[in-house]
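Colleague: What would the 3D arrangement of this be:
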Amino acid sequence: VDASRLPRMRNSAVLDVDNHGRDIWPMLQVVNAGLLNPYELVLKLHTKRSEWRAEHGELSGSGEQWRSGLIGALLGGPENIKTIIGAFAEDPGLGVVTAPGSLLGPEFWGGDLALTRELLRRLELEVDVDGLRFPAGSFYWIRGFILQGLRSLAMTADDFDKEAGQIDATTAHAVDLSVGILTGEAGLSLA
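Modeller: Okay, the predicted model is just below:
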């Protein structure tokens with residue numbers, strides 16, 4: 001971590017992880033290692049590529065444009081960050097904040113419903129098919145204790161699919177959707 005590029009950063013930790021499970025298995029390794037335990041709020045970002053977007057005309061923009069838009073909406077400068085953190089401070093019922101247009105619902109289950117159901121059985125949670133809301137793209141601000149629910153899934157590298165450019169129906173997608181479900185189970189909202 002180049003601390004000179006982040007002058008306000010007080011602490012940093014680097015955890016070497018295998019390039020497996022897209023951004024989700026590395027995030028779970030950070031959660032499982034307890035590195036996020038002391039934090040009330042966590043900003044989840046990654047180096048999204050989504051090169052497949054170029055082949056899908058129904059989606060606007062490239063993967064790089066999508067990533068830039070997500071980062072801009074969730075960071076975007078000190079005033080934007082203060083607004084987001086202020087929203088969490090003012091509303092204790094707020095669990096997740098994502099970029100505008102990135103909070104999706106049940107029309108986006110795709111091939112992930114069966115995998116998500118199977119995954120959440122580990123926590124003895126039922127899936128409300130019609131009540132799905134989740135932060136698409138896996139970019140969001142989140143209350144740290146919601147991430148601890150992911151630790152309870154007791155996942156390992158073996159739970160994740162071998163990378164083959166899948167755009168749906170992977171364990172990583174099921175975990176993504178589970179973030180929204182766990183937020184709702186905690187009685188918190190997504191915005």
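Colleague: Go ahead and confirm T116 touches S178.
Modeller: Yes - the criterion here is Cβ atoms under 8 Å, and T116 meets it with S178 at 6.0 Å. Bear in mind the C-beta positions are built from the backbone N, C-alpha and C, glycine included.
Colleague: In this protein, what residue spans correspond to helices?
Modeller: 24-32, 63-74, 78-90, 113-120, 144-151, 171-185 (DSSP state H).
Colleague: And the residue nearest the centre of the chain, how far from N19?
Modeller: Taking Cα atoms, centre = their mean, the centroid of the chain lies closest to S138, which sits 3.3 Å from it. Going from S138 to N19 by Cβ to Cβ, to the nearest Å gives 16 Å.
Colleague: any idea how far L104 is from G77?
Modeller: Taken as Cβ to Cβ, the span from L104 to G77 is 26 Å.
Colleague: Hmm, I typed the wrong one, I wanted F88.
Modeller: Counting by Cβ to Cβ - F88 and G77 are separated by 18 Å.
Colleague: now D23
Modeller: In terms of Cβ to Cβ, D23 sits 24 Å off from G77.
Colleague: what's the answer for M9, then?
Modeller: Separation of M9 from G77 (Cβ to Cβ): 16 Å.
Colleague: Please apply the same query to L115.
Modeller: L115 is 37 Å from G77, by Cβ to Cβ.
Colleague: Looking at these two, which is more packed in?
Modeller: Using other Cβ atoms under 10 Å, the more surrounded residue of L115 and G77 is L115, with 20 against 9.
Colleague: That one: what's its closest spatial neighbour, skipping adjacent residues?
Modeller: Excluding its sequence neighbours, the residue lying closest to L115 (Cβ to Cβ, 6 or more residues apart in numbering) is A174, at 3.9 Å.
Colleague: residues touching that neighbour, list them.
Modeller: By Cβ atoms under 8 Å, 6 or more residues apart in numbering, the contact list for A174 reads 112, 115-116, 118-119.
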